[in-house]
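Undergrad: here you go, sequence then predicted model.
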Amino acid sequence: MAAMAAMDGECIPFARAQDSATAAPLAVIAFVQTWFGPSQMAVRQLLTAGPANGVEVFFVDADQEAHKAHQLGLWASPAFLFYARGCQLMIQRPETDDATKYVGSISTEELDSLLHQARECLATNAIVLRAGRVWCSGNLTD
């Protein structure tokens with residue numbers, strides 16, 4: 001747990017993260033491994049981008065919650081679950097099946113795009129986020 005403290009993020013049990021995420025207008029649950037460099041980077045990205053986009057972020061230790069992660073089909077970290085108004089959002093990624101999670105390292109631009117799209121879901125009631133879109137000057141482009 002000391003590694004997570006150094007990352008300035010606190011891991012909570014999945015059940016608590018899910019309850020909090022479904023109660024928030026916008027939220028992300030991130031399954032991370034505190035010792036894993038890409039997870040540490042994802043934590044830093046979310047700690048910056050989440051609040052800047054009005055998104056509550058909850059971290060879950062993928063090692064401590066391995067059983068739950070596997071139940072959710074998460075076999076790698078970092079992994080992100082996006083929520084708008086309590087509804088888990090669907091992620092469309094090029095050249096992969098649609099899923100309720102984004103698994104793997106993510107660029108800051110991609111994360112910003114997904115968070116902006118999630119915020120738009122509040123206004124449009126959409127439930128799909130499209131990865132591979134770029135957020136540029138207030139507009140999404142492919």
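TA: Structure received.

Undergrad: quick one: the helices in this structure?
TA: Under the criterion DSSP state H, the chain contains helices at 2-6, 14-23, 37-52, 66-71, 108-124.

Undergrad: can I get those in CSV with mean pLDDT?
TA: Formatted as CSV, the helices of the chain follow (pLDDT from 0 to 100):
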stretch, mean pLDDT
helix 2-6, 35
helix 14-23, 97
helix 37-52, 95
helix 66-71, 97
helix 108-124, 95
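
Undergrad: now render the ones you listed as JSON lines, adding distance to Ala30 and mean neighbour count.
TA: Glycine gets a C-beta too; all of them are placed from N, C-alpha and C. Converted to JSON lines, the helices of the chain look like this (distance: least, C-beta to C-beta, whole Å; neighbours: other C-beta atoms under 10 Å):
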{"stretch": "helix 2-6", "distance to Ala30": "12", "mean neighbour count": "13"}
{"stretch": "helix 14-23", "distance to Ala30": "9", "mean neighbour count": "16"}
{"stretch": "helix 37-52", "distance to Ala30": "6", "mean neighbour count": "17"}
{"stretch": "helix 66-71", "distance to Ala30": "11", "mean neighbour count": "14"}
{"stretch": "helix 108-124", "distance to Ala30": "10", "mean neighbour count": "17"}
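
Undergrad: can you redo the ones you listed as JSON lines with distance to Ile29?
TA: Below are these laid out as JSON lines (distance: least, C-beta to C-beta, whole Å):
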{"stretch": "helix 2-6", "distance to Ile29": "15"}
{"stretch": "helix 14-23", "distance to Ile29": "5"}
{"stretch": "helix 37-52", "distance to Ile29": "10"}
{"stretch": "helix 66-71", "distance to Ile29": "11"}
{"stretch": "helix 108-124", "distance to Ile29": "12"}
